[in-house]
Each structure stands twice: as structure tokens, then as C-alpha cells.
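A.B. asks: Predicted model follows, preceded by the sequence.
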Amino acid sequence: MSGVDPFILNLTVFVLAIFVGYHVVWNVTPALHTPLMAVTNAVSGIIIVGAMLAAGPQEMDVGTILGLVAVTLAAVNVFGGFLVTQRMLAMFKKKGK
Amino acid sequence: MSANFVALAYLVASVLFILTLKGLSSPVTSRRGNLFGMIGMAIAVLTTLSLTHNVVYILIAIAIGGTIGAVVANRIQMTAMPELVAAMHSLVGLAAVLVAMSAFQNPVAYGIALPGELLHATNRIELFIGTFVGAITFTGSIIAFGKLSGRISGKPLRFTGQHWLNLGLGIAMVGFGVAFFLEPSWTPFLIMTAIALLLGVLLIVPIGGADMPVVVSMLNSYSGWAAAGIGFTLNNNMLIIAGSLVGSSGAILSYIMCKAMNRAFLNVILGGFGGGEGEVAGSGDAVQRNYRSGSADDAGFLMGNADSVIIVPGYGLAVARAQHAINEMSKLLTEKGVKVRYAIHPVAGRMPGHMNVLLAEAEVPYDQVVEMDEINNEFADTDVVLVIGANDVVNPAAKTDKSSPIYGMPILEAHKARTVIVVKRSMATGYAGLDNDLFYLDKTMMVFGDAKKVVEDVIKSLQH
């Protein structure tokens, strides 16, 4: 497999991940669709990893500053998304509990 | 830290994200799932931190963003969830654009170009796609946020040649993308980004308030694709996996919402439906139709003497802040030996699953809350259906009247119950602007008034 363009490897992962996503999401109970959207907001905050790499180079320049701004934005999503999901899920209670 | 170790840590995080979504298959496992997501994110962030300089600045940025996120998450009203979600989509979109710009500014640092060389050809395409999806998500979500929070009118904004303008802009955007591919420089990149930002606005303004659940789901999907696009640029599989999970989730939710409204996806996206408060349609040749109205006492009497009651809540219930009152009422009925359940239409709230959260917030046990497909067969054996704050989702015309605009839309079959009680402020129509035959059936009793006030009066009559 040496000599394969990284794009092809990325595409392989991408297609397989869509299949996984498709099957997992159809199994989500409709009652939890709002928490699903909130938690996917947090998960799409994974862009924070790209933002950190952008902010990473030792030399500070426009690129690293853009990266730092992106880190801040993505962190809002990560923290906000997971915490609001936690808050919502804590409300779902069975009878008599 | 070795590259292999980093890749393995990213794999662990990716698996945890999949388990996060898997956990949402039931409320019991969902909290653990959310915890998995937090752990996965922590692993991803800490691993990445080991690869970066400027650690202090990065931690400060995370602290600022994290604090804002935490404060908002704690303060937000559950009715405002759709706005919050839309606002968060816009942040992901903007972050994707900024990361793409940074990657273009310093490609060597990302390993997508050798020093002194131009960006690799495939990376140019990836960067282009990641940027325009991010830019459309950013401005589109801001407009959606504005419409959902009432800062912008929910009325669809339409003008002649709108679709042609969008098409032209889309072609121009791709054109500058091609120019960027041929000659990677800032000019085509920035023009392309600016067009994408404009397109984001133009694509969402013609879509009416009633279709916002679809739009929010769609932008949810876009925000995932934007993250995946950046993953391609950075050759980062974890970003690709997490982005794809979000992308497919949003796409499936859009599909479910369209189906629940019986609308073609393309039709929603092209817009123009559901401008807000309705008036009785066809008032020119309106025939005065007879309906029966009663008091909250009558409603209390009917429900108190029933064996089974199904409550059909709509968004109007949340607008009137009557969720807690209705839970009080159900408790009283349950104490009297009445079997009480809630029937939820997929578009009962303003985003998928919204009504379930609003009821859960009011401490309604989730095992009393039943989805449309599960409960529709049971209306015929039900003594009383209480429709409160809902309208179009119980309109039998969707099943019987081929000329109706909502014909074919799946509905809650409330009309099959022995008695129907409808709580409404007036005879005005719902989002679809249609009259509802359910209100004129012999077995239907209309109770006029504010939902909360009516339910509180019912509670008083049940306490006697």
C-alpha cells in the first residue's frame, strides 16, 4: 500500500465513518434527538484539534493568532455542548424515581 | 510524543465519540455516553497539546471559550435550545474557516507543502471545500439563530431571481475555487470565502419559521462536514471520523423532519413556507361552522372519569409555560386511576426531540411519553385526548383531504378517540394556515383560553 495518496486513505476512513454514523444515529431514540444535536455540537468541536495545531507553531504570526481565535470558538462548543447535554439528560427520569 | 502514539490516542478518542452517540439509544445509557464523549475530547485535546508550542496561550484560549460555553450551558432556557444549537453551529463553521486560512498561510507547518513549494494539489481542493462549507455554515447558522430567537423576522424573505442569484453565486464560488486550484494565492481564496459567506445568508433567508427544525438539522450536518473537511486537509483521521458522525447525524435528522412534515428536502431548502402567525384561510368564502365549546371544569370532569387519557402537547404548551401544570394535572389523574400518556409528533417542538426535553424538564417521566408511531394505534381505545397547543399535527385532513396542502403528512390520530378536548386561545389556524376538521367533530369540545390558565383550572376542578 505504500505510494497511496493520503487522500485515498482519508477517503477510506471518511466513507467507513459515514456508514458507522448512519447506523448508530438511526438507533438513537427520537426522544433524545435534541440531546443528540447538542452532543454532536460538542463533538464537532473536535475542530479544536485543528485549531490547536494552527495555534501551535513556535513563531507567532497571523496564522497562529487565527488558530488561537479558532481554539476559543471551538472550546465554547466543546464545553457548552457537553455540559448542556449533561443538563438535559439529567432531566430524563423514569416514573417514581 | 511519537506520531504512532498520537495516532493511537486519536483512535481511542474516535471510538469514544462513536460510543457517545450509541449511548443515546436509550435514556438509561445516555449519560454514560455523554461521559465517554467528554473523555474522548479530553484525550484528543491533551494529546494535541503535546504537539504544540504556545501551550500557555492555547490553554488561555480554551479557558476563555470553555467558561463562556459552561456559563451559557447552565443558563440557557430549554425553550431556547434551537437558538443555542444554531449559534454553536456557526462557531464550528467560523472555526473551520479560520483553521483553513491558517493552514493556507503556513502550509509547511501542517506538512501539506514542502518549504518553498506551493500547496499540494489535493490539499488545494480539500482546503477549498473545507472553507466554503465552513463559511456557509457560519453565516447560515447566524441567520437561523436570528430567526429562531426572534431577532430576525421568521417570515421568508423572497425576491424574484433569488434562485438564479444563488446559482450564479454558487458557480462564481466554484470558479474562484478553480482559480485557487490553478494558482493558490490569497485573492481567489478570499473572494471564494466572501461569496460563500454571502451564500450562507442568501440560502437561509427565504426559509420560513416553520421549517427551521429542518434548517437547524441541516446546518448541524454541515458543521460536521466542515470539521471532516479540515480533517482531510490536516490528514487527521479523528477529525474525519468525528466530523462524519456529526454530518450523518444531521443529515438523518433533516430527513426525519422532512418526512414528519411531508415535505421534500429540496422544497424546504428552496423555501417560502410558514411565515408565522396564521389567520383562517379562505376567509372570503368562509362558511360559519359549528363547534362545541366547554369550560375547564367540563374538561376536568371528562378526564377525571375516563379510564385512559392521551395528552397531545404542541409548542403552544411551552409558549404558555404550562409544562409543569400539565404534569401536576397528570399526577392527579394518575392518582384517580386514569392511565395518562403523552403523544409526541416529531415536529411538536422547534427542533427534533424538543418536546421530549421540555416535558422532561417539567419532570414528566419519560416512560409516559410515547412517539407517534407507537401510540397511533391506541387512540381508538382511548377515552379522552387532550390536544393542547398543537394544531396541524392532529388535522385529519392530512389523511382524508387530497386537496389539502398537508395531505400525506403523518399525524397523531386524535380524531379516533372517543372524546377530544382541544385547548386553544382562539379558532385561529396553525403554522400551515389551515382550518382543522377535528375542531368541528361532534365528539370534540373546544376549551378556549391560555393553556396554562386552562390546565390550572382543570387541576382545581380535579381537586374537588
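C.D. replies: Okay, I see it. Numbers count the residues shown, from 1 in each chain, chains lettered A, B, ... in the order given.

A.B. asks: any chance you could map the helices in the stretch 201-350 of chain B?
C.D. replies: Ranges of helices in the stretch 201-350 of chain B, per DSSP state H, counting those that start in this stretch, are B:212-233, B:237-261, B:265-270, B:296-304, B:315-319, B:323-335.

A.B. asks: between those, which one is nearest to chain A?
C.D. replies: helix B:237-261 (3.3 Å; CB to the nearest CB). In short, each C-beta sits where N, CA and C put it, glycine included.

A.B. asks: Who are the packing partners of the closest one?
C.D. replies: Counting contacts by 3 or more CB pairs under 8 Å, 6 or more residues apart in numbering or on different chains; DSSP states H and E, helix B:237-261 packs against helix A:6-26, helix A:33-44, helix A:47-55, helix B:3-23, helix B:212-233, helix B:265-270.

A.B. asks: which stretch among those comes nearest B:Ala87?
C.D. replies: Ranking these by proximity to B:Ala87 (CB to CB) places helix A:33-44 first, at 9.4 Å.

A.B. asks: What number of residues are in the vicinity of B:Ile411?
C.D. replies: Neighbours of B:Ile411 under the rule other CB atoms under 10 Å in any protein chain shown: 23.

A.B. asks: For the residue nearest to it when sequence neighbours are not counted, pull up the helix or strand it's in.
C.D. replies: Distances taken as CB to CB, 6 or more residues apart in numbering or on different chains place B:Ala398 nearest to B:Ile411, at 4.7 Å, with adjacent residues excluded. Using DSSP states H and E, B:Ala398 maps to helix B:397-400.

A.B. asks: Looking at the helix or strand containing B:Val45 now, give me its mean pLDDT.
C.D. replies: Taking DSSP H and E as the definition, one finds B:Val45 inside helix B:27-49. Averaging pLDDT along helix B:27-49 gives 96.

A.B. asks: How about it and chain A, touching?
C.D. replies: Yes: counting by CB under 8 Å from any CB of the partner chain, chain A has neighbours in helix B:27-49: B:27, B:30-31, B:33-34, B:37-38, B:41, B:44-45, B:48-49.

A.B. asks: Just the CA trace of whichever helix or strand comes after that helix, in CSV.
C.D. replies: From helix B:27-49 onward toward the C-terminus, using DSSP H and E, the following helix or strand is helix B:55-75. C-alpha atoms of helix B:55-75 as CSV (Å, rounded to 0.1, in the frame of the first residue of the first chain):
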residue,chain,number,x,y,z
VAL,B,55,0.8,25.9,25.3
VAL,B,56,0.0,28.7,27.7
TYR,B,57,-1.8,30.8,25.0
ILE,B,58,-3.7,27.7,23.9
LEU,B,59,-4.8,26.9,27.5
ILE,B,60,-5.9,30.5,28.0
ALA,B,61,-7.9,30.4,24.8
ILE,B,62,-9.5,27.1,26.0
ALA,B,63,-10.3,28.6,29.4
ILE,B,64,-12.0,31.7,27.8
GLY,B,65,-14.1,29.6,25.4
GLY,B,66,-14.8,26.9,27.9
THR,B,67,-16.0,29.4,30.5
ILE,B,68,-18.3,31.1,28.0
GLY,B,69,-19.6,27.7,27.0
ALA,B,70,-20.2,26.5,30.5
VAL,B,71,-22.0,29.7,31.6
VAL,B,72,-24.3,29.5,28.5
ALA,B,73,-24.9,25.8,29.0
ASN,B,74,-26.0,26.4,32.6
ARG,B,75,-28.2,29.4,31.9
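
A.B. asks: Return the set of buried residues in helix B:55-75.
C.D. replies: B:57-58, B:61-62, B:65-66, B:68-70, B:72-73 (16 or more other CB atoms under 10 Å in any protein chain shown).

A.B. asks: Next: stretch B:74-82.
C.D. replies: Neighbour-count burial for stretch B:74-82 [16+ other CB under 10 Å]: B:76, B:78-79, B:81-82.

A.B. asks: Keep only those of these that are also close to chain A.
C.D. replies: B:76, B:78, B:81.

A.B. asks: Now do the first one against B:Arg350, distance only.
C.D. replies: Relative to B:Arg350, B:Ile76 is positioned 14 Å away (criterion: CB to CB, to the nearest Å).

A.B. asks: Over to A:Phe19?
C.D. replies: 30 Å.

A.B. asks: In terms of neighbours, single out the busier of the two.
C.D. replies: B:Arg350 (22 against 11).

A.B. asks: hang on, isn't that one packed against B:Pro213?
C.D. replies: Yes: using CB atoms under 8 Å, B:Arg350 is in contact with B:Pro213, at 6.2 Å.

A.B. asks: tell me, what's touching the two both at once?
C.D. replies: B:Pro82 (CB atoms under 8 Å, 6 or more residues apart in numbering or on different chains).

A.B. asks: Show me chain B divided up by domain.
C.D. replies: B:76-270, B:296-463 (automatic domain parsing).

A.B. asks: Ok, which of the ones you listed comes nearest A:Leu68?
C.D. replies: Of all the domains of chain B, domain B:76-270 comes closest under CB to CB, at 9.3 Å.

A.B. asks: Distance to B:Met303 and mean pLDDT added to the helices and strands packed on helix B:237-261, as JSON lines?
C.D. replies: JSON lines is the format used below for the helices and strands packed on helix B:237-261 (distance: least, CB to CB, whole Å; pLDDT from 0 to 100):
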{"stretch": "helix A:6-26", "distance to B:Met303": "36", "mean pLDDT": "94"}
{"stretch": "helix A:33-44", "distance to B:Met303": "28", "mean pLDDT": "95"}
{"stretch": "helix A:47-55", "distance to B:Met303": "50", "mean pLDDT": "94"}
{"stretch": "helix B:3-23", "distance to B:Met303": "37", "mean pLDDT": "95"}
{"stretch": "helix B:212-233", "distance to B:Met303": "30", "mean pLDDT": "91"}
{"stretch": "helix B:265-270", "distance to B:Met303": "37", "mean pLDDT": "75"}
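
A.B. asks: any chance of those helices in CSV, plus distance to B:Ile136?
C.D. replies: Output for the helices and strands packed on helix B:237-261, formatted as CSV (distance: least, CB to CB, whole Å):
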stretch, distance to B:Ile136
helix A:6-26, 19
helix A:33-44, 15
helix A:47-55, 15
helix B:3-23, 24
helix B:212-233, 7
helix B:265-270, 12
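
A.B. asks: Which one of the ones you listed lies nearest to B:Leu253?
C.D. replies: Nearest of the helices and strands packed on helix B:237-261 (CB to CB): helix B:212-233, 3.8 Å.

A.B. asks: by contact count, what packs against the closest one?
C.D. replies: Helix B:212-233 packs on helix A:6-26, helix A:33-44, helix A:47-55, helix B:81-105, helix B:121-148, helix B:237-261, helix B:265-270, going by 3+ CB pairs under 8 Å, 6+ apart.

A.B. asks: Report all helices and strands that the fifth one contacts.
C.D. replies: In this case it means helix B:121-148. By 3+ CB pairs under 8 Å, 6+ apart, helix B:121-148 packs against helix A:6-26, helix B:81-105, helix B:162-182, helix B:186-204, helix B:212-233.
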